[in-house]
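Novice: Please find the sequence and the predicted model below.
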Amino acid sequence: MAIISISSENRTIEGVEAIRSYLSPHGIWFERWPLEERVDPNAPAEEILKAYDSEIKSLMAKGGYVVADVVNITTETPNLEVLLDRFRAEHTHSEDEVRFILRGNGLFHVHPENGPVFAIQVTAGDMINVPKGTKHWFDLCKDRVIRAVRLFQETAGWTPHYVEQSISGDFVPLCFGPKDVAGLARVAPKLSVS
Ligand SMILES: [Fe+2]
């Protein structure tokens, strides 16, 4: 289950309804989709897309998405660090970034126009969208694994537009472990900016 951390306010937000209401003013949707009871998260991409057909279709209708695929990143992915560096710099997209997490963990930082930067740690079963034009960046957690369904509004796929005065380097991409999420929450410290 996802967890939000707002380092400048030294607080975290947990629970589906609390997460939804925090994200809603930023145009970010949060849903929980069924996992193993539906399909093996390691199944081939075609089986995954078929198994989540109803959720995908309803999201396509809601957000105008036209294409879905399955992305898989592991420690075995060639040039993993180079790939991650592309996600780690603050950027926007000209379409929504939509992800349903099948396996692994990831950390989105969102830099809204109004309000503090916040981090959303996503894990298996979480679906979120980062609306087009939203400044954000992404990193993997320690396990360096993520498998996710992606939805696109354009068939061109994932294109980042990097922000000139990126602040992503000011934030430590700290993920919460299962124990932390169970109640021993700690907040990722913000590095001092010199
Ligand atoms: Fe992105």
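Specialist: Ah, there it is. Because the structure is a prediction, the values reported are computed rather than measured. Residues are numbered from 1 along each chain as shown.
Novice: Determine which residue lies closest to the centroid of this protein.
Specialist: Closest to where the C-alpha atoms of the chain average out (Cα atoms, centre = their mean) is residue 108, at 4.8 Å.
Novice: To which secondary structure element type does it belong?
Specialist: Three-state assignment for residue 108 (DSSP: H, G, I helix; E, B strand; the rest coil): strand.
Novice: wait, it sits on residue 129?
Specialist: No - the pair residue 108 / residue 129 is not scored as a contact, 10.5 Å apart, by Cβ atoms under 8 Å. Bear in mind the C-beta positions are built from the backbone N, C-alpha and C, glycine included.
Novice: just the helices in the protein please.
Specialist: With DSSP state H as the criterion, the chain has helices at 16-23, 45-51, 53-63, 80-88, 178-181.
Novice: Including distance to residue 164 and mean pLDDT, could the ones you listed go into a markdown table?
Specialist: Listed next are these as a markdown table, based on distance: least, Cβ to Cβ, whole Å; pLDDT from 0 to 100:
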| stretch | distance to residue 164 | mean pLDDT |
| --- | --- | --- |
| helix 16-23 | 26 | 98 |
| helix 45-51 | 36 | 97 |
| helix 53-63 | 28 | 97 |
| helix 80-88 | 16 | 93 |
| helix 178-181 | 34 | 54 |
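Novice: what's the closest of those helices to residue 166?
Specialist: helix 80-88 (9.4 Å; Cβ to Cβ).
Novice: Mind giving me the packing neighbours of that closest one?
Specialist: Identification of packing neighbours for helix 80-88 by 3 or more Cβ pairs under 8 Å, 6 or more residues apart in numbering; DSSP states H and E yields strand 135-140.
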